[in-house]
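Trainee: below are the sequence and a predicted model; questions follow.
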Amino acid sequence: MKIIEQPAHVLHDMLVKKELSAKELTDAFFASIDKSEDTLGAFVTLMRGKAGKDASIIDAKIAQGEELPYFAGIPVAIKDNICTKDVKTTASSKILENFVPPYDATVMTKLYDQNAVIIGKANMDEFAMGGSTEHSAYHITRNPHDLSRVPGGSSGGSAAAVAGGEAVCALGSDTGGSIRQPSAYCGVVGLKPTYGRISRYGLIAFASSLDQIGPITRDVTDAAYMLNAVCGHDKMDSTSLKEKAPDFTKALVADVKNLKIGVPKEYFADGIDPQVEEKVRSAIKSFAELGAKITEISLPHTKYAIAVYYIIAPAEAATNLERYDGVSYGVRVPGKDVPEMMINTRSQKFGAEVKRRIMIGNYALSAGYYDAYYLKALKVRTLISQDYVEAFNKVDVIMTPTAPTPAFKLNELTGDPLKMYLQDICTVPANLAGLPAISVPCGVNSQGLPIGLQIIGRALDEETLLRAAYTFETAQGIPFAVPELNNAEGGASV
Amino acid sequence: MKITKDDLANVAYLSRLALDDGEEENYIKDLNDIVAYVDKLSELDTDNIMPTTYALATENVFREDEVRPSLTQEEALSTAPDKENGYFKVPQVLAE
């Protein structure tokens, strides 16, 4: 049995039974990192020293017979847009290359309360803007299942770390699919909870009305445990939900009898790869064989979702990224006066994709265009949300592909921003409507590339998503081992 | 082409970004492609539709105006590129 392929629930039991120490577990993952990381490039910062110390502290607790929280001793990767006290947090941007937060994000406080061992900060598209992790200002990340391909993005480092045996599980963030799409590309489980389920305090803001933190894990059971660990109301985030969260692990029941599944025809339209469609439809058929009821539904405004998203998200980003002005944190490039200093700093330290989105956003918000673009997008957002409200009067969950294609080649889409944006077609609607959605592996194409099934649920109903995903996983088994990697196969640096 | 060189210069100014000539041409093309694509929203009649800023109902959150634990001044300034006497420091604003 390979330690680096085990999910947290297996490792937790081994730690409790003293079949494994936390130090041995952490060492096993750093040995794997030493073997694979030059190839994969999943991390911006490794936390070897702190992880080793934390593991020893947990071993002392085990020796004293203390009861172990679920994530005690479990090596976890954290996307580099989540603030970690005293540990550099760059959002994969040059403008934050020296930023060491003086505080922890709420999700970090919660993971540390569970004695999780944080092993590093995962690579991402700069400020989470992108779907391939190629927009990191530091280096690319490769897909563990095919090193010539992207891991997806923006949480590509988090997904590659889990799929590549460099972390047991990870936190990502999802503004338009940034947890689910890389999870699909890398053959792991990715959950974007209901908007507000998890505190955003300490998450470096991209688009505040869409951003949500969530788990990336080897299996559905770990996703439920990780959601339990980090969810809940937080007075530091006024948009976090007051609703008390249930114990999500209670939803891990392999039973979908009479579950009503909607299959929206708009998600199987032009641009969906035929092999993706085949695997997703075959997965949905297997739910029918397990007793679920399948209905074709229509979400008629789906075709407008990308247009709405690429107005709202850049508009919010343009506003959120005003704070990078060379004054309060990050890097400053000098200038003769304040405006010149700000312009120099932003022009030289933001990457091209970030500048593109800031300018789209400011264009959509500027005098003369506000009504035509920004306000219009907010209204169509209402129509998209209403489609889902109506659909959920008829069905319990909605099933779609997570992404229209499997992982694409490195450099395949970097020259065509709009084409890259269209990759988000299946995932952005759940963000616009604030709904929970999960991606679970549902097979491979003829080249062995993972394909993801997306399950979208009612607001606050992560339990039904988890039950459906767990049932599917129980029927098909965990599909992927950690691929054999070694650093000889070409580095991840560009 | 809806976005001209002047439009780009204006939006770059609003964004506090300076673009060089090579960048300008690329951004004009990219922004026009994107604007042409999002223009498809204009085919929808939304006259009687309310805008959505947050997908789930949210309300303003109030709290008592009480002092709570927070970062010290030193901690809050720890990430500043330049500081002096407990202040953020920027290049001179007013001529002497």
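Mentor: Here it is on my side, so go on.
Trainee: drop to CA atoms for contacts and neighbour counts, all remaining ones
Mentor: Will do.
Trainee: which positions in the stretch 351-494 of chain A make contact with chain B?
Mentor: A:355-356, A:358-360, A:362-363, A:372, A:375-383, A:385, A:416-418, A:432-434 (C-alpha under 8 Å from any C-alpha of the partner chain).
Trainee: which stretches of chain B form helices?
Mentor: For chain B, the helices defined by DSSP state H cover B:5-14, B:21-38, B:73-76.
Trainee: so which of those is nearest chain A?
Mentor: Chain A lies closest, by C-alpha to the nearest C-alpha, to one member of the helices of chain B: helix B:21-38, at 4.5 Å.
Trainee: list the buried ones in that closest one?
Mentor: Buried positions in helix B:21-38, judged by neighbour count with 16 or more other C-alpha atoms under 10 Å in any protein chain shown: B:24, B:27-28, B:30-35, B:38.
Trainee: just want the residue of the stretch 151-300 of chain A that's nearest chain B.
Mentor: For the stretch 151-300 of chain A, C-alpha to the nearest C-alpha, closest residue to chain B: A:S209, 5.6 Å.
Trainee: what about the closest residue to that residue other than its chain neighbours, neighbour count?
Mentor: Residue nearest to A:S209 in three dimensions, not counting chain neighbours: B:Y54, with 5.6 Å by C-alpha to C-alpha, 6 or more residues apart in numbering or on different chains. Neighbour count of B:Y54, defined by other C-alpha atoms under 10 Å in any protein chain shown: 18.
Trainee: quick revisit: distance to A:Y225 and mean pLDDT for the helices of chain B - can I get that in TSV?
Mentor: Below are the helices of chain B laid out as TSV (distance: least, C-alpha to C-alpha, whole Å; pLDDT from 0 to 100):
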stretch	distance to A:Y225	mean pLDDT
helix B:5-14	45	95
helix B:21-38	39	92
helix B:73-76	34	94
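Trainee: could you give the average pLDDT over the helix or strand containing A:A469?
Mentor: Following DSSP states H and E, one finds A:A469 within helix A:462-476. Mean per-residue pLDDT for helix A:462-476: 97.
Trainee: what about the residue nearest the centre of chain B, distance to A:E340?
Mentor: Chain B has B:S15 as the residue nearest its centroid, 6.9 Å off, counting by C-alpha atoms, centre = their mean. Distance from B:S15 to A:E340, counting by C-alpha to C-alpha, to the nearest Å: 13 Å.
Trainee: over to A:I398?
Mentor: To A:E340, A:I398 is 51 Å away according to C-alpha to C-alpha.
Trainee: more neighbours: which of those two?
Mentor: Set A:I398 next to A:E340 and count neighbours by other C-alpha under 10 Å: A:I398 wins out with 24 against 17.
Trainee: neighbouring strands - and their directions - for the helix or strand hosting the more buried one?
Mentor: If you go by DSSP H and E, A:I398 is part of strand A:397-401. Here strand A:397-401 has these sheet partners by DSSP bridges: strand A:260-264 (parallel), strand A:450-457 (antiparallel).
Trainee: list the contacts of the longest one.
Mentor: Contacts to strand A:450-457, defined as C-alpha atoms under 8 Å, 6 or more residues apart in numbering or on different chains, come from residues A:145, A:180-181, A:183-187, A:276, A:279-280, A:283, A:396-403, A:405-407, A:430, A:435-445, A:464-465, A:469.
Trainee: show me what counts as buried in it.
Mentor: Using 16+ other C-alpha under 10 Å as the test for burial, strand A:450-457 gives A:450-457.
Trainee: quick one: mean pLDDT for it?
Mentor: On average, strand A:450-457 scores 98.
Trainee: do stretch A:99-118 as well
Mentor: Average pLDDT, stretch A:99-118: 97.
Trainee: that one and chain B in contact?
Mentor: Yes. Judged by C-alpha under 8 Å from any C-alpha, stretch A:99-118 comes into contact with chain B through A:99-102.
Trainee: picking that back up, chain center to the strand holding A:I398: distance?
Mentor: With C-alpha atoms, centre = their mean, to the nearest Å as the basis, strand A:397-401 stands 18 Å off its chain's centre.
Trainee: what do you get for stretch A:122-129?
Mentor: So, by C-alpha atoms, centre = their mean, the centroid of stretch A:122-129 is 10 Å from its chain's centroid.
Trainee: got it, and stretch A:322-338?
Mentor: Counting by C-alpha atoms, centre = their mean, stretch A:322-338 is centred 30 Å from the centre of its parent chain.
Trainee: and for stretch A:198-208?
Mentor: Distance, centroid of stretch A:198-208 to centroid of chain: 13 Å (C-alpha atoms, centre = their mean).
Trainee: endpoint to endpoint, it covers what distance?
Mentor: Terminal-residue distance, stretch A:198-208 (C-alpha to C-alpha): 13 Å.
Trainee: so what's B:L31 closest to, chain neighbours aside?
Mentor: The shortest distance from B:L31 to any residue other than its chain neighbours is 6.7 Å, reached at A:I360 (C-alpha to C-alpha, 6+ apart).
Trainee: contact partners for that neighbour?
Mentor: A:I360 touches A:311, A:314-315, B:31, counting by C-alpha under 8 Å, 6+ apart.
Trainee: switch to 10 Å and redo it
Mentor: Neighbouring residues of A:I360 by C-alpha atoms under 10 Å, 6 or more residues apart in numbering or on different chains: A:310-315, A:317-318, A:354, A:366, B:8, B:11-12, B:15, B:27, B:30-32, B:34-35.
Trainee: do the same with A:L413
Mentor: Residues near A:L413 by C-alpha under 10 Å, 6+ apart: A:131-132, A:134, A:419-421, A:423.
Trainee: now these as JSON lines including distance to A:L15 and secondary structure?
Mentor: Below are those laid out as JSON lines (distance: C-alpha to C-alpha, whole Å; DSSP: H, G, I helix; E, B strand; the rest coil):
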{"residue": "A:G131", "distance to A:L15": "36", "secondary structure": "coil"}
{"residue": "A:S132", "distance to A:L15": "35", "secondary structure": "coil"}
{"residue": "A:E134", "distance to A:L15": "37", "secondary structure": "coil"}
{"residue": "A:K419", "distance to A:L15": "46", "secondary structure": "helix"}
{"residue": "A:M420", "distance to A:L15": "43", "secondary structure": "helix"}
{"residue": "A:Y421", "distance to A:L15": "43", "secondary structure": "helix"}
{"residue": "A:Q423", "distance to A:L15": "41", "secondary structure": "coil"}
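Trainee: now the residues you listed: which count as buried?
Mentor: Neighbour counting over the contacts of A:L413 (16+ other C-alpha under 10 Å) leaves A:131-132, A:134, A:421, A:423 as the buried ones.
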